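Participant: kindly return the folded structure for what I paste below:
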Amino acid sequence: MSWALHRWTWAVEAPLFVGMSPAGSLNRCRLYVPARAIWGAVTAELAQRQANGFPDYQGLGARLRDGARFTYLYPAEQDGRTWRAWLPSYERGAGLVWRREDRTDARHDLSDRAMRMRLLGTRPATGVDPSSDTAAEGSLRETECINTHWRKEDGSAGSTVGLVGYVFLNGVSDLPLTVGTIEEIVIGGDTRYGLGRLKRVEWTGSSTVFGFATQLDGADPSIESDRVLGHAEGDDLCGQREALGGWDHGKPGVQAIAKAVWSPGSHSQSNSPRWWNLRPIGMWSTAP
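Facilitator: Okay, here's the model as predicted:
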């Protein structure tokens, strides 16, 4: 099977929430958009666009699983006319850091805390007690969201936040003709409250993924990298493991999916590049 590779860039036009484990009353947000969320948003957009009656979400979602592979979307800022993504990496002695894709050393790395301060804002919310139509006791909370603009060191708003990732499309179906026409999507949580609106600003052909070599002629596309830029399965990695859960509505009943996987930025113990297969819905696995 032959795959075509495209790089796409989105401008964040409304605060975006992709949840992770909460901290007390704070609903924490990831600094990236997982491929599973992208797959769901693209499925919804294309199904609603093509529907004469009820949208065929399940059928189109299955076609996208077979005919498309999505990398995660990572935050990006403009450098002149070029969008530069910030990528995660677990470094010995420093933990999780973020490094811009055009930089090769650690001089300009940002700690995860600094990155969250530059990128995230919070939105207060509370539940409503229907009997009194007032705030329900103990329901006050805050939700972190990716802002529409980067925050400067003095706290003022900077340039627009972008999200950059890659799409692999095979030539067996008409997906290259449809996915490439999407100009706007809504993604993440609380989209019915106006969150998660993205506008596409770039769609270009590519031969690499964030500068890493690719192979495009296998059953799954492959990426040669010293670290994973998605959740990954494997044994001899360094970084962080987390329990990744979700819901699968495409099978009889509703089934919970949860497994221990490596987080984006985890790397091989030798720090040497290896080949990874990009599986359906964005999971990375060691290539045989």
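Participant: from the centroid of this protein, which residue is nearest?
Facilitator: The chain has Val33 as the residue nearest its centroid, 2.0 Å off, counting by CA atoms, centre = their mean.
Participant: check what pLDDT it gets.
Facilitator: pLDDT recorded at Val33 is 97.
Participant: next one: it from Val161, what distance?
Facilitator: Using CB to CB, to the nearest Å, one gets 12 Å for the distance from Val33 to Val161. Every residue, glycine included, has its C-beta placed from N, CA and C.
Participant: so what pairs up with Val186 in the strands?
Facilitator: As for beta bridges, Val186 partners with Arg197 under DSSP bridges.
Participant: got the buried residues for stretch 48-58?
Facilitator: The neighbour-count check on stretch 48-58 (16 or more other CB atoms under 10 Å) flags Pro55, Tyr57 as buried.
Participant: one more: stretch 3-19?
Facilitator: Neighbour-count burial for stretch 3-19, counted by 16+ other CB under 10 Å, picks out 3-12, 14-18.
Participant: wait, what's in contact with Thr122?
Facilitator: Leu26, Glu142, Thr143, Glu144, Cys145 (CB atoms under 8 Å, 6 or more residues apart in numbering).
Participant: tell me which helix or strand comes right after the helix or strand in which it is found.
Facilitator: Using DSSP states H and E, Thr122 sits within strand 120-125. The first helix or strand that comes after strand 120-125 along the chain, using DSSP H and E, is strand 128-129.
Participant: sheet-wise, list the partners of that following strand with their directions.
Facilitator: Using DSSP bridges, the strands paired with strand 128-129 are strand 134-135 (antiparallel).
Participant: got the buried residues for the helix or strand following the partner strand?
Facilitator: Of the helices and strands lying after strand 134-135 in sequence (DSSP H and E), the nearest is strand 141-146. The neighbour-count check on strand 141-146 (16+ other CB under 10 Å) flags Arg141, Thr143, Glu144, Cys145, Ile146 as buried.
Participant: mind listing what the nearest residue to the fourth one once chain neighbours are set aside touches?
Facilitator: Excluding its sequence neighbours, the residue lying closest to Cys145 (CB to CB, 6 or more residues apart in numbering) is Pro15, at 3.6 Å. Counting by CB under 8 Å, 6+ apart, Pro15 makes contact with Gly121, Arg123, Cys145, Ile146, Asn147, Thr148, Leu195, Gly196.
Participant: please tell me how far Pro15 sits from Asp79.
Facilitator: 23 Å.
Participant: now the helices for the protein?
Facilitator: Along the chain, the stretches classed as helices by DSSP state H are 35-50, 57-67, 112-119, 175-179.
Participant: point out the most buried one among these.
Facilitator: Stretch with highest mean neighbour count among the helices of the chain: helix 35-50 (a mean of 19; mean count of other CB atoms under 10 Å).
Participant: could you export the helices of the chain as JSON lines, including distance to Gly211?
Facilitator: Formatted as JSON lines, the helices of the chain follow (distance: least, CB to CB, whole Å):
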{"stretch": "helix 35-50", "distance to Gly211": "19"}
{"stretch": "helix 57-67", "distance to Gly211": "25"}
{"stretch": "helix 112-119", "distance to Gly211": "20"}
{"stretch": "helix 175-179", "distance to Gly211": "23"}
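Participant: quick one: which of the ones you listed is nearest Pro264?
Facilitator: Nearest of the helices of the chain to Pro264, taken as CB to CB: helix 35-50 at 10.6 Å.
Participant: of all the buried residues of strand 141-146, the one with the weakest confidence?
Facilitator: Among those, pLDDT bottoms out at Arg141, giving 81.
Participant: list the contacts of that one.
Facilitator: Residues in contact with Arg141, defined by CB under 8 Å, 6+ apart, are Ser25, Leu26, Asn27, Pro124, Ala125, Thr126.
Participant: torsion angles phi and psi at the residue nearest to Cys145?
Facilitator: phi -50, psi 140 (degrees, to the nearest 10).
Participant: any idea how far it lies from Thr9?
Facilitator: Separation of Pro15 from Thr9 (CB to CB): 18 Å.
Participant: redo the buried residues of strand 141-146 as TSV? Include distance to Ile223.
Facilitator: Output for those, formatted as TSV (distance: CB to CB, whole Å):
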residue	distance to Ile223
Arg141	38
Thr143	33
Glu144	29
Cys145	29
Ile146	24
